[in-house]
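Q: give me the fold of what follows.
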Amino acid sequence: MSAMGEAAVEAAALEWFGGLGYAVGHGPHLAPGEPAAERESFGEVVLVGRLREAIRRLNPAIPEEAREEALRKVLRVGFGSMIQTNRAFHRILRDGVPLDYPRPDGSIAGDHVRLVDFGDVRANDWLAVNQFTVVEGQHNRRPDIVVFLNGLPLGLIELKNASDEDADIWAAYRQLQTYKAEIASLLHYNAALVVSDGLQARMGSVTANQEWFNLSDQCRGMTTGSLVVLRFE
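A: Below is the predicted model:
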């Protein structure tokens with residue numbers, strides 16, 4: 001079977017995401033200034049409207065002002081290095097955003113604001129977006145596919161063309177290292193990185209070196225009939 005070009009791999013990936021029930025978006029359509037824009041600038045990596053709605057939906061008993069404070073904490077998650085920030089965000093993704101807020105009787109409540117419904121994956125907002133431009137400082141990068149969970153960019157997929165000897169999956173891996181160096185804010189929230197050329201695929205974390213980018217049951221090399229997919233269930 002002939003190798004798939006990068007554009008074909010990308011199109012097939014989006015089609016498969018759609019078949020799994022993800023909403024599918026195209027980065028240029030969601031860009032700032034467009035009718036369907038979901039962010040105010042290319043420096044924003046979180047889809048704030050989707051995250052705000054998820055926080056409201058998943059935490060109905062928490063006052064609106066406290067939910068907004070939880071949102072601000074997520075957007076200000078930056079803490080030292082990219083890896084430190086990623087670890088800090090992982091804790092609040094898993095446990096919820098810790099915060100205190102006043103009760104009507106004047107006492108102070110300590111609580112956690114949930115960002116994800118881990119009990120019912122269908123209660124979350126799943127979105128796959130291609131060509132999602134991020135501008136950070138002087139750097140302008142456009143990852144192939146970003147996977148959003150409740151507006152949080154938890155997945156990043158970089159694709160290459162298997163027919164190009166100079167653009168295999170390890171070229172995609174090297175591209176991820178460029179993203180870490182130049183648009184680190186996108187990786188602050190990341191839970192999984194995937195590289196694929198349509199024939200094979202590997203998955204790793206932001207701290208994984210090349211040796212630890214492995215095949216798994218959730219990330220498999222695919223050909224024309226099927227495509228790499230990132231799932232968080």
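
Q: where along this protein do the helices fall?
A: With DSSP state H, the ranges of helices along the chain come out as 6-19, 27-30, 48-58, 64-75, 82-95, 169-182, 184-187.

Q: surely Leu58 meets Asp117?
A: Yes. Counting by CB atoms under 8 Å, Leu58 does reach Asp117; the two are 5.7 Å apart. All C-beta spots, glycine's among them, are computed from the backbone N, C-alpha and C.

Q: higher neighbour count, the two?
A: Set Leu58 next to Asp117 and count neighbours by other CB atoms under 10 Å: Leu58 wins out with 18 against 14.

Q: residues contacting the more buried one?
A: 113-117, 123 (CB atoms under 8 Å, 6 or more residues apart in numbering).

Q: quick one: contacts for the residue nearest to Leu152 when sequence neighbours are not counted?
A: Spatial nearest neighbour of Leu152, excluding adjacent residues (CB to CB, 6 or more residues apart in numbering): Tyr189 at 5.1 Å. By CB under 8 Å, 6+ apart, the contact set of Tyr189 is 45-46, 77, 86, 89, 93, 152-154.

Q: circling back: mean neighbour count, the helices of the chain: which tops it?
A: helix 184-187 (a mean of 20; mean count of other CB atoms under 10 Å).

Q: and it, what does it pack against?
A: Counting contacts by 3 or more CB pairs under 8 Å, 6 or more residues apart in numbering; DSSP states H and E, helix 184-187 is packed against helix 82-95, strand 134-136, strand 152-159, helix 169-182.

Q: let's go with 6 Å and repeat that
A: The contact analysis (3 or more CB pairs under 6 Å, 6 or more residues apart in numbering; DSSP states H and E) places helix 184-187 against no helix or strand.

Q: got the contact list for the residue lying closest to Lys73 once chain neighbours are set aside?
A: Of all residues not flanking Lys73 in the chain, Val97 sits nearest, at 5.3 Å (CB to CB, 6+ apart). Val97 sits next to 70, 73, 113 when contact means CB atoms under 6 Å, 6 or more residues apart in numbering.

Q: could you rerun that using 8 Å?
A: By CB under 8 Å, 6+ apart, the contact set of Val97 is 70, 73-74, 112-113, 115.

Q: adding mean pLDDT and distance to Glu158 as columns, could you present the helices of the chain in TSV?
A: What follows is the helices of the chain, written out as TSV (pLDDT from 0 to 100; distance: least, CB to CB, whole Å):
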stretch	mean pLDDT	distance to Glu158
helix 6-19	86	10
helix 27-30	93	14
helix 48-58	98	23
helix 64-75	95	25
helix 82-95	94	17
helix 169-182	92	4
helix 184-187	95	12
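
Q: okay, now the nearest residue to Ala192 once chain neighbours are set aside: neighbour count?
A: Among residues not flanking Ala192 along the chain, Gly155 sits closest, at 5.1 Å (CB to CB, 6+ apart). For Gly155, the count of nearby residues is 22 (other CB under 10 Å).

Q: surely Gly155 meets Phe132?
A: No. Look at Gly155 against Phe132 with CB under 8 Å: they stay out of range, at 11.2 Å.

Q: shared neighbours of the two, which are they?
A: Residues touching both Gly155 and Phe132 by CB under 8 Å, 6+ apart: 145-146.
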